[in-house]
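> got a predicted model here, sequence first, then my questions.
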Amino acid sequence: MYAGIDIGSRTIGMVAMSAGQIKQFRLEDTGFEPTDTAQKILDGTYSRIVATGYGRHSAKAEFADDIITEIKAHALGAAWIFPGVRTVLDIGGQDTKVISLNEHGAVIDFLMNDRCSAGTGKFLEIMSTALGYNSVSEFGQEALTGEGTIKISNMCTVFAESEAVTLLHRGAPKKDIALALHASVVERTVGMLQRAGFKTPLVFTGGVAKNRCINSLLATKLGVDVLVPEEPQLVGALGAALAAAKDGFTA
């Protein structure tokens, strides 16, 4: 059995495969000791372990046989779930990636925004807390009911939070502010996709892909179907597992 482990900033995903089939998978919060958490998740004996994500180098030093970039991992995982995919959009806790694939599923180019949290899962978490929601899930769900009468002009997390709180104090409906914040994320994301010259099919991975409001706004803005895996946070781990199982794989 082969295992892939994706050590991200917010979560750690593990996928184990054998004979071309997924046999096990787990998803846990990263916590304060990512490498320790990853080793606990890998509860079994594996022929080969490949790590990806922010913590891949630490994993290689401690227990993994090889590492693979997040770009390659998400491309492999998305292409396995959706054969023929041409663009992968990955929005995680700390960054956004747009990955372009050729007709054979190989990576030909990518764009990445990792210099600030704007438009990422961290941005949505901060805004959710600022508006008093109990969870990002509740934040996204209520945004679906908002009216598109408000626009957030700042994408910087600090200024956007200040703008949202000011709107709330002025009596703007909370659900409308929630929608405006989600729309600002989508605007930024669409800009990246357009700069990358995205092609369809388009697959959306990462934790933010679970946000129904982001999915809906993205599909409407682009005018295309947005494909979301059943477990979007495990696509990187799946890609790492596929790399582990591939004969002759080298990092």
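Happy to help now that I have it. Residues are numbered from 1 along each chain as shown.
> which strands and helices sit next to the worst-scoring helix or strand of the chain on mean pLDDT?
Sorting the helices and strands of the chain by mean pLDDT, DSSP states H and E puts helix 157-169 at the bottom, at a mean of 90. Here helix 157-169 touches helix 121-130, helix 174-195, going by 3 or more Cβ pairs under 8 Å, 6 or more residues apart in numbering; DSSP states H and E. In short, each C-beta sits where N, CA and C put it, glycine included.
> which SSE is immediately downstream of the first one?
Towards the C-terminus, the helix or strand next in line after helix 121-130, according to DSSP states H and E, is helix 136-143.
> run through who's touching that following helix.
121, 124-125, 127-128, 131, 133, 174-175, 178-179, 181-182, 210-214 (Cβ atoms under 8 Å, 6 or more residues apart in numbering).
> repeat that for stretch 73-82.
Residues from elsewhere that reach stretch 73-82 (Cβ under 8 Å, 6+ apart): 4, 6, 52-53, 68, 85, 88, 90, 97, 99, 101, 105-107, 201, 203, 205, 227, 229, 234-240, 242-243.
> how about residues contacting stretch 167-180?
In this structure, residues lying in contact with stretch 167-180 by Cβ under 8 Å, 6+ apart are 127, 131-133, 139-140, 142-152, 164, 213.
> mind listing what's buried in that stretch?
167, 168, 173, 174, 175, 176, 177, 178, 179, 180 (16 or more other Cβ atoms under 10 Å).
> also stretch 45-57?
Across stretch 45-57, burial judged by 16+ other Cβ under 10 Å covers 46, 48, 49, 50, 51, 52, 53, 54, 55, 56.
> narrow the residues you listed to those in helices?
Counting by DSSP state H, the buried residues of stretch 45-57 place residue 56 in helices.
> tabulate the buried residues of stretch 45-57 (a markdown table), appending distance to residue 75 and pLDDT.
Shown next, in a markdown table, are the buried residues of stretch 45-57 (distance: Cβ to Cβ, whole Å; pLDDT from 0 to 100):
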| residue | distance to residue 75 | pLDDT |
| --- | --- | --- |
| 46 | 22 | 94 |
| 48 | 19 | 96 |
| 49 | 20 | 97 |
| 50 | 14 | 97 |
| 51 | 16 | 97 |
| 52 | 11 | 97 |
| 53 | 14 | 94 |
| 54 | 18 | 92 |
| 55 | 20 | 94 |
| 56 | 15 | 96 |
